[in-house]
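# Okay, here's the prediction I keep looking at, along with the sequence it came from:
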Amino acid sequence: MKMYEKYLDCSEDVAAALKNHLPIVALESTIISHGMPFPHNIDTAKQVEKTIIDSGAVPATIAVIDGRVKIGLSDDDMKFLATSKDIIKASRLDLPVAAATRMNASTTVAATMICAHMAGINVFVTGGIGGVHRGAQQTFDISADLQELAHTNVAVVCAGAKAILDLRLTMEYLETFGVPVLGWKTDELAAFYSSKSGIKVNYRVDDEVTAAKIIKAKWEMGIDGGVIIANPIPQEYSMDPREINDAIDRALEEAERNKIFGKKLTPFLLEKIKELTSGESLESNIALIKNNAYVGALIARELNKN
């Protein structure tokens with residue numbers, strides 16, 4: 001038994017999948033506690049899990065409850081995360097504190113990658129990764145997600161980086177730390193709410209077989225770190241880049257006026273953008289995470305074949 005295993009509790013479904021070497025897809029829990037309003041948060045979390053099941057893999061939503069790292073959540077766990085005010089947003093630095101002091105925490109991209117890797121899960125699906133924030137030249141506000149991607153061996157399927165970020169600087173950062181960004185059936189980086197960003201990905205992949213071969217080759221060669229599969233939002237849900245960028249600019253201005261920063265910034269911006277777009281951004285957010293779940297399940301199944 002590895003020392004960290006004493007902190008993990010796997011659900012029956014996940015434990016059985018690990019024992020029987022079935023494909024598993026990890027999911028974050030921040031979307032439940034901080035990413036969407038109730039009841040959209042629970043409904044979306046369950047829809048995403050169903051998408052993964054219907055696509056032939058086992059979902060494993062991850063959170064910390066009463067200090068225990070839960071790999072796979074019950075309905076009661078999800079309801080608790082969705083409705084309780086006592087949920088912190090945990091990244092790498094928060095995990096040991098949450099475990100040691102029996103806190104309740106939803107997991108960010110970075111924390112979910114860590115916990116998935118501990119449990120032996122190598123594919124993780126999220127909406128969008130964190131990255132280099134706009135104005136980071138002055139604030140140094142860079143998400144811990146990027147360093148986690150540089151070091152932890154988990155493939156991340158996402159709709160690119162969150163559109164509130166500086167996407168060009170985020171790509172530069174990822175390239176510096178050797179994180180491959182693969183465009184799923186596209187040559188451009190997905191821009192979360194929009195399918196187009198004008199920014200080229202490192203390589204394009206058109207099927208799960210190619211994606212899995214690249215991921216396997218990276219890790220078999222001893223090159224640690226994650227791989228990003230940037231999957232564009234379905235075209236029918238893609239928002240006008242001018243509209244969404246205008247909403248982002250206005251939300252950022254309000255955040256600056258109200259001195260909102262750090263962990264509170266992203267939830268504030270997402271909620272403000274939803275308000276400014278009359279809910280259209282929330283609808284797009286739900287569509288893209290479900291689409292990512294489908295692609296993630298395909299890749300997990302392919303990685304699981306050998």
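Okay, I see it. Numbering: from 1, shown residues only.
# For the protein, just list every one of the strands.
When assigned using DSSP state E, the strands of the chain occupy the ranges 8-10, 24-27, 58-65, 68-71, 88-90, 105-107, 123-125, 155-158, 181-184, 203-205, 227-230.
# Figure out how far the third one is from the centre of its chain.
Going back to what we said before, that points to strand 58-65. Between the mean C-alpha location of strand 58-65 and the chain-wide mean there is a distance of 13 Å, by C-alpha atoms, centre = their mean, to the nearest Å.
# Next: the last one.
Its chain's C-alpha centre and that of strand 227-230 lie 11 Å apart, by C-alpha atoms, centre = their mean.
# Might you report the residue contacts of the residue most central in space within the chain?
Nearest to the mean C-alpha position of the chain, counting by C-alpha atoms, centre = their mean, stands Thr126 at 2.8 Å. Contacts for Thr126 were tallied using C-beta atoms under 8 Å, 6 or more residues apart in numbering; they are 27-28, 31, 109, 112, 156-158, 289, 292. Heads up, the C-betas are built off the backbone N, CA and C, glycines and all.
# tell me which of the residues you listed is nearest to Glu12?
Leu27 (16.9 Å; C-beta to C-beta).
# Run a quick neighbour tally on the nearest residue to the closest one once chain neighbours are set aside.
Nearest-residue entry for Leu27: Thr61, 4.3 Å, with adjacent residues in sequence omitted and distances by C-beta to C-beta, 6 or more residues apart in numbering. For Thr61, the number of neighbouring residues by other C-beta atoms under 10 Å comes to 29.
# my guess is Thr61 meets Thr30, correct?
No: counting by C-beta atoms under 8 Å, no contact exists between Thr61 and Thr30, whose distance comes to 10.7 Å.
# and the residue nearest to Leu27, what does it touch?
Counting by C-beta under 8 Å, 6+ apart, the residues that Thr61 touches are 26-29, 32, 45, 49, 72-73, 78.
# need the residues you listed in TSV with neighbour count, distance to Asn104 and pLDDT, can you?
TSV is the format used below for these (neighbours: other C-beta atoms under 10 Å; distance: C-beta to C-beta, whole Å; pLDDT from 0 to 100):
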residue	neighbour count	distance to Asn104	pLDDT
Ala26	29	19	98
Leu27	27	17	98
Glu28	27	15	96
Ser29	30	10	96
Ile32	27	12	93
Ala45	24	16	94
Glu49	21	20	98
Gly72	24	16	98
Leu73	24	12	97
Met78	20	13	95
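# before we move on, the earlier item: from Asp246, how far out is the residue nearest to the centre of the chain?
Applying C-beta to C-beta, to the nearest Å, one obtains 25 Å for the distance of Thr126 from Asp246.
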